[in-house]
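Chemist: the sequence isn't on hand, but the structure is:
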């Protein structure tokens with residue numbers, strides 16, 4: 001994992017980072033962390049604070065390559081559990097994002113899947129699944145994320161009824177609202193959820209409290225919420241209200 005990307009992801013999720021905490025979690029010296037923070041500040045991504053730095057809000061997400069290398073073990077844990085929920089022959093929607101793509105890769109052993117997605121990483125991950133049928137929209141591919149947004153993607157999800165919609169979000173606010181960086185991402189996720197018999201929200205614990213400007217949909221609209229660990233106490237009531245729809249992989253039997 002790229003260390004600076006990990007620092008930036010943590011700052012984006014929490015709003016700020018502290019040198020000593022990062023040094024411990026990354027198993028490096030405080031001097032190394034300060035050097036990384038200085039580099040991120042020089043790039044205009046962080047702003048120095050006493051003992052650390054704060055995230056500078058913007059309308060852009062981290063690059064896909066950086067996001068795909070973060071929280072890998074957590075995403076794989078989530079994916080391993082979701083696989084248990086999906087039978088052979090299912091019709092699936094996949095939203096954009098790294099966690100849905102990891103879930104798609106974990107499902108590559110399932111037979112006879114029909115996959116509708118604007119997430120080309122998910123499509124490629126399932127391209128060699130036995131007897132798979134993969135349907136993607138036309139339009140311009142957004143780089144470097146390798147996904148397709150816009151009206152054609154929305155229309156594609158409207159044209160099918162899936163057994164399962166598997167989707168994530170850039171962040172989950174304290175009131176349970178789902179956040180993304182662009183309004184088209186929200187529209188497509190909501191369309192996929194509305195046209196599926198079962199909705200599965202996949203989000204590692206770092207997404208709770210992470211900020212993004214576009215809002216749409218609520219955590220409670222999912223039939224299953226799968227995460228690898230419980231976030232902080234601020235989200236306890238929100239998660240408790242989900243009852244048995246919440247799957248915390250570390251607690252699942």
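Modeler: Right, received. Where do you want to start? All figures in this text were calculated on a predicted structure; none of them were measured in a lab.
Chemist: where along the protein do the helices fall?
Modeler: 3-14, 19-26, 30-42, 64-68, 72-83, 98-106, 120-125, 151-158, 183-194, 236-240 (DSSP state H).
Chemist: residue 229: which of those helices is closest?
Modeler: Of all these, it is helix 72-83 that lies closest to residue 229, at 7.3 Å by CB to CB. Bear in mind the C-beta positions are built from the backbone N, C-alpha and C, glycine included.
Chemist: which of the residues in the closest one are buried?
Modeler: By neighbour count on 16 or more other CB atoms under 10 Å, the buried set for helix 72-83 is 74, 75, 76, 77, 78, 79, 81, 82.
Chemist: most tightly surrounded among the helices of the chain?
Modeler: Most buried of these by mean neighbour count (mean count of other CB atoms under 10 Å) is helix 98-106; its value is a mean of 26.
Chemist: what about that one, distance to the chain center?
Modeler: Put simply, helix 98-106 sits 10 Å off its chain's centre (CA atoms, centre = their mean, to the nearest Å).
Chemist: domains in the protein, by residue range?
Modeler: Listed by automatic domain parsing, the domain ranges of the chain are 3-57, 66-248.
Chemist: how about the ones you listed in JSON lines, adding mean pLDDT?
Modeler: Shown next, in JSON lines, are those (pLDDT from 0 to 100):
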{"stretch": "domain 3-57", "mean pLDDT": "85"}
{"stretch": "domain 66-248", "mean pLDDT": "94"}
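Chemist: one step back: nearest to residue 141, out of the helices of the chain?
Modeler: With CB to CB as the criterion, residue 141 lies closest to helix 120-125 of the helices of the chain, at 6.7 Å.
Chemist: spit out the contact partners of the closest residue to residue 142 other than its chain neighbours.
Modeler: Excluding its sequence neighbours, the residue lying closest to residue 142 (CB to CB, 6 or more residues apart in numbering) is residue 149, at 6.0 Å. Residues in contact with residue 149 (CB atoms under 8 Å, 6 or more residues apart in numbering) are 96, 118, 139, 142, 182, 184, 185, 188.
Chemist: state the distance from the fourth one to residue 180.
Modeler: It stands for residue 142. Note on residue 142: its distance to residue 180, by CB to CB, to the nearest Å, is 13 Å.
Chemist: higher neighbour count, the two?
Modeler: More crowded of residue 142 and residue 180, by other CB atoms under 10 Å: residue 180, with 25 against 18.
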